[in-house]
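A.B. asks: I need the structure of the sequence given here:
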Amino acid sequence: MQRNSILCPKCGLLISLSEQTCPYCGLRSPGARWRRLAVFRLLADPALMVKTVIGVNIGFFVLSLLMDLPTAGLTANPLRLLSPSDRSLFVLGATGAIPIDGYQRWWTLVSAGYLHGGLLHIFFNMAALRQLSAVVIREFGIRRMFAIYTLGGVAGFGVSYLAGVGLTIGASAGVCGLVGAILFFGKSRGGAYGTALYKQVGMWMVIMFVFGFLVPGINNWGHAGGIAAGALLGYLLGYNERKRETAFARTLASLCLAATAVILAWAVLTSFYYRLI
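C.D. replies: Below is the predicted model:
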């Protein structure tokens with residue numbers, strides 16, 4: 001059966017496949033075949049985007065464990081259960097002063113956000129990502145959310161690199177970018193909803209930093225950098241109630257998606273090379 005309607009790749013509303021321009025958002029050639037490729041659908045489908053990001057994180061976690069066979073992170077310590085080795089994390093794209101200063105692996109500022117040091121590490125980060133991304137998507141839209149998440153992670157790892165952190169990983173820098181955007185939104189919007197959101201996420205942030213100072217191995221520099229970058233990006237890109245999504249925001253999100261895809265593919269390819277030598 002031939003399909004005569006599609007969801008617009010930009011605004012996500014139902015339109016005729018024969019439309020030359022989307023009547024809702026003005027996108028030209030919304031039915032073009034290249035626009036219907038899965039990679040372009042990600043920036044038009046919030047649920048698909050979040051599921052894909054979580055799926056890629058899980059995929060890289062499994063790959064990091066497979067690279068450590070036959071031990072594969074087995075330990076009697078439940079806090080270190082299924083923990084990949086530093087070598088596996090390094091070759092897959094962990095970032096910090098060691099990879100950047102020693103090997104000029106600047107691209108790891110992106111790839112490190114998709115690596116995790118253990119089962120609990122990835123579980124809590126993905127749970128936070130799922131919850132916070134829903135709020136940011138609702139208030140900023142899917143494209144601005146992905147740009148904030150990606151660039152918040154890069155900024156967080158950049159700050160931790162400048163602070164001299166040797167080796168670091170985790171989605172928490174990007175997740176903290178979402179935290180920063182929510183804090184900006186809540187403070188800027190005000191009212192009962194904005195104030196409640198600001199206080200709720202602010203309290204969560206305080207608890208996170210206290211926990212980070214009490215538990216060794218947590219990258220507080222990365223968290224702080226991510227929050228600061230997320231708040232700044234929230235200000236610059238704006239949110240739905242006060243600023244419509246601009247062409248710049250759409251282009252920025254597309255560049256973030258393309259760069260992430262290329263860098264992660266490169267991380268996988270080079271990891272097999274390092275595995276063989």
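
A.B. asks: thought R144 was touching C256?
C.D. replies: No - look at R144 against C256 with CB atoms under 8 Å: they stay out of range, at 10.5 Å. All C-beta atoms are positioned from the backbone trio N, CA, C, and that covers glycine.

A.B. asks: quick one, which of these two is more surrounded?
C.D. replies: Using other CB atoms under 10 Å as the criterion, R144 and C256 rank with R144 on top: 27 against 21.

A.B. asks: other SSEs contacting the helix or strand that contains the more buried one?
C.D. replies: Per DSSP states H and E: R144 is located in helix 142-162. For helix 142-162, the packing partners by 3 or more CB pairs under 8 Å, 6 or more residues apart in numbering; DSSP states H and E come out as helix 46-66, helix 108-111, helix 119-140, helix 172-189, helix 220-237, helix 247-276.

A.B. asks: same thing but 10 Å
C.D. replies: helix 46-66, helix 97-103, helix 108-111, helix 119-140, helix 172-189, helix 220-237, helix 247-276 (3 or more CB pairs under 10 Å, 6 or more residues apart in numbering; DSSP states H and E).

A.B. asks: wait, R275 touches S88, no?
C.D. replies: Yes - the pair R275 / S88 is scored as a contact, 8.8 Å apart, by CB atoms under 10 Å.

A.B. asks: so what's in contact with these two at the same time?
C.D. replies: By CB atoms under 10 Å, 6 or more residues apart in numbering, R275 and S88 have these common neighbours: 66-67.

A.B. asks: which one's more surrounded, the two?
C.D. replies: The neighbour comparison of R275 against S88 (other CB under 10 Å) goes to S88, with 22 against 12.

A.B. asks: didn't that one look like it was pressed against L82?
C.D. replies: No - proximity of S88 to L82 does not meet the contact threshold set by CB under 10 Å, at 11.9 Å.

A.B. asks: poorly predicted segments of the stretch 1-150 of the chain, please.
C.D. replies: Residues of the stretch 1-150 of the chain meeting the criterion pLDDT under 70: 1-3, 9-12, 31-40, 70-81.

A.B. asks: what is the burial count for I98?
C.D. replies: Neighbour count of I98, defined by other CB under 10 Å: 18.

A.B. asks: could you find the closest non-adjacent residue to it?
C.D. replies: G166 (4.9 Å; CB to CB, 6 or more residues apart in numbering).

A.B. asks: ok, the nearest residue to L167 once chain neighbours are set aside - how many residues close by?
C.D. replies: Counting by CB to CB, 6+ apart, G96 is the residue found nearest to L167 once chain neighbours are left out, at 4.4 Å. Per other CB under 10 Å, the neighbour tally for G96 reads 25.

A.B. asks: identify the residues contacting G96.
C.D. replies: Each residue near G96 by CB under 10 Å, 6+ apart is listed here: 90, 102, 105, 108-109, 112, 157, 160-161, 163-169, 219, 222.
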